[in-house]
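Student: All I have is the shape, not the residue letters:
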């Protein structure tokens, strides 16, 4: 079995900003087969980015993307057939291009202007778009999304690779792949930006991308017992035009044989023949090994009679079909993963042996708690409330933004961001912020050194308000199950958990959160006072282990006072922690970094970090 490996310095969530793929629509019209004289001929839009219904879309988004079921006539994809109105009714000019190999049309917006904040935008691919045989779309394809209030200034990172750096025994027919922290511009993933070499010899192959995943397929099998090196250059960019900060390079060595074992589906959600399934459910499947993300699409993962988006989490190997609207009540649905030729494939190109089919029946039951809306606080890896943030050590890296509304010049220490602002760093205290530092004070060096930036302070102020709103929403949830004060060595299903004596701890063992195949499963932990993970005297640092497709973006810790995370160093934490009175990660003198796959948002007191990696989950 071959799996994606995450590295502590990069984001381990990969998937949530993936470009969604759309399955066949119901309502009497098959968008692939068409109607009337076009039956069996009409092309269809099978993917769209930003995702239909997406919110908080960055203001500096420069690319809209539509994927098609068939090869298209590029000359029919123009600024009149692929359009954007933002807000709805107000056209936005752009240039349309078509990638015939990937069957993707791209609407590129002007580089000199941003989308307006907090408005509903409507994108349309009209029936003027035709395939290579001259058949038009059966009807206009229309989708909407809502803009946020800030721009995306965070560079994408590589969160994992097919075959870890230094791996051995790699099958000779393996494909080469990487997962990014967010959806990438497919036009920037090509032979010039993603290549493989054996020594100085360039390996021939084809490059493709799907959302946040990129795959390189060698033209011929790799040579046995040979070391290869893959490189992603700084030409790889996200949809806002942010490039990788540095080239990403990894190497591995092949074994002596090819992989000819077909993948299997190890778990499905809902379970086969399940009843009483919530109408808000999103069917999903977990695979037995690493899969080729580009093969998991609308053609290969369907729910009969339902339109929706298909996403793939390359870290957990979970494919999810998210319906465009709630499922009907008291209805039996059939989900299918296509096997055989042209079906879903593993990273060696082996397809499922046969179709995987399962059925479930809905009912009017209470769904799992929905995700909490973090608003403008969502991009922040750390927020120091009204007091600030301090970093000690040189290994701290935050893949996201940080901020505080504190005004004192000493309120933020030991950080620098991608824009060149440096806040009181020394040779022993250097914290790299891959995004932007939003504060109400001035930096020591950089663009904000002359004085506080009013716009940045406004962003920080709104983020704190939104974090407080989210905190109050967590508090307002009805109390949940009582698992005991110490969560160590427990495996918890999705739900709300309330601390029996006001505090939770994870000491003496790891906590496992099992989504049971539901990639949308949510956990909420309510505590009136403290959260302690891996106490100061713990022999081993503790971890939050995610199983069954669980995602860090769906875990929330509502902390009434202070959070202490792995004070002895090491270990990992998952989820969004919102505290009233600050938090501390590790302690000075420890050398093993602590990893947080999530966010730490303090409403009041400061946050202190010691050699801490923070990876902000995608929405």
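Tutor: Arrived safely. Keep in mind it's a predicted model, so treat the numbers as computed, not measured.

Student: got the contact list for stretch 466-475?
Tutor: 372-377, 380, 383, 524, 526, 556, 558, 578, 580, 601, 603 (C-beta atoms under 8 Å, 6 or more residues apart in numbering). From N, CA and C alone the C-beta is placed, and that goes for glycine too.

Student: And residue 575, how far from residue 400?
Tutor: Using C-beta to C-beta, to the nearest Å, residue 575 is found at 14 Å from residue 400.

Student: Determine which two of the contacts of stretch 466-475 are furthest apart.
Tutor: 376 and 526 (23.5 Å; C-beta to C-beta).

Student: got the residue ranges for the helices in the stretch 451-600 of the chain?
Tutor: 454-476 (DSSP state H, counting those that start in this stretch).

Student: name the element residue 64 belongs to?
Tutor: Taking DSSP states H and E as the definition, residue 64 sits inside strand 63-68.

Student: Parallel or antiparallel, list what pairs with the very next helix or strand once past that strand.
Tutor: Downstream of strand 63-68, the first helix or strand assigned by DSSP H and E is strand 82-85. Neighbouring strands of strand 82-85 in its sheet, by DSSP bridges, are strand 91-92 (antiparallel), strand 120-125 (antiparallel).

Student: I'd like those as CSV, with distance to residue 152 appended.
Tutor: Output for these, formatted as CSV (distance: least, C-beta to C-beta, whole Å):
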stretch, distance to residue 152
strand 91-92, 17
strand 120-125, 15
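
Student: okay, the closest residue to residue 133 other than its chain neighbours: pLDDT?
Tutor: Excluding the flanking residues, the one nearest residue 133 by C-beta to C-beta, 6 or more residues apart in numbering is residue 41, at 7.2 Å. We note a pLDDT of 70 for residue 41 in this prediction.

Student: right, and residue 41 touches residue 137 too?
Tutor: No - if you go by C-beta atoms under 8 Å, residue 41 and residue 137 don't touch, sitting 10.9 Å apart.

Student: So if I had to pick from those two, which one is more boxed in?
Tutor: More neighbours surround residue 137 than the other of residue 41 and residue 137, with 25 against 16 (other C-beta atoms under 10 Å).

Student: Next up, the contacts around that one.
Tutor: By C-beta under 8 Å, 6+ apart, the contact set of residue 137 is 31, 42, 43, 44, 45, 125, 126, 127, 129, 130.

Student: 7 Å - rerun?
Tutor: 42, 43, 44, 125, 127, 129 (C-beta atoms under 7 Å, 6 or more residues apart in numbering).

Student: Residues in a beta bridge with the fourth one, which ones?
Tutor: Here residue 125 shows beta-bridge partners residue 82, residue 141, assigned using DSSP bridges.

Student: According to the record, where do the domains of this structure fall?
Tutor: Per automatic domain parsing, the structural domains of the chain span 31-146, 154-367, 375-615.

Student: as a whole number, average confidence for the second one?
Tutor: This means domain 154-367. On average, domain 154-367 scores 90.

Student: wouldn't residue 532 be in contact with residue 505 here?
Tutor: Yes - using C-beta atoms under 7 Å, residue 532 makes contact with residue 505 at a distance of 4.3 Å.

Student: And the pLDDT for the closest residue to residue 586 other than its chain neighbours?
Tutor: In this structure, residue 586 finds its nearest non-sequential neighbour in residue 610, 3.9 Å apart by C-beta to C-beta, 6+ apart. We note a pLDDT of 95 for residue 610 in this prediction.

Student: Could you list everything residue 610 pairs with in the sheet?
Tutor: Under the criterion used (DSSP bridges), residue 610 bridges to residue 392.

Student: neighbours of it, just the number please.
Tutor: 25.

Student: What separation is there between it and residue 616?
Tutor: From residue 610 to residue 616 the distance is 19 Å (C-beta to C-beta).

Student: ok, the residue found closest to residue 83 once you drop the neighbours it is linked to in the chain - contacts?
Tutor: Leaving aside its chain neighbours, residue 83 sits nearest to residue 124 (5.1 Å; criterion: C-beta to C-beta, 6+ apart). The neighbours of residue 124, taking C-beta under 7 Å, 6+ apart as the test, are 83, 140, 142.

Student: OK, contacts around the last one?
Tutor: The one in question is residue 142. Applying C-beta under 7 Å, 6+ apart, the residues near residue 142 are 122, 124.

Student: one more time with 6 Å
Tutor: For residue 142, the contacting residues are residue 124, by C-beta atoms under 6 Å, 6 or more residues apart in numbering.

Student: repeat for the second one
Tutor: Under the criterion of C-beta under 6 Å, 6+ apart, the neighbours of residue 140 are 124, 126, 127.

Student: And what about the last one, helix, strand or coil?
Tutor: Per DSSP: H, G, I helix; E, B strand; the rest coil, the secondary structure class of residue 127 is coil.

Student: and it, how many neighbours does it have?
Tutor: For residue 127, the count of nearby residues is 15 (other C-beta under 10 Å).

Student: how close does it sit to residue 580?
Tutor: In terms of C-beta to C-beta, residue 127 sits 55 Å off from residue 580.

Student: Also the first one?
Tutor: Per C-beta to C-beta, residue 124 is found 46 Å from residue 580.

Student: The residue lying closest to residue 69 once chain neighbours are set aside: neighbour count?
Tutor: Using C-beta to C-beta, 6+ apart and skipping residues adjacent in sequence, the residue nearest residue 69 is residue 44, 4.5 Å away. As a burial measure, residue 44 scores 23 neighbours (other C-beta under 10 Å).

Student: which stretches of the stretch 401-550 of the chain have low pLDDT?
Tutor: 535-539 (pLDDT under 70).

Student: Many thanks, we can stop here.
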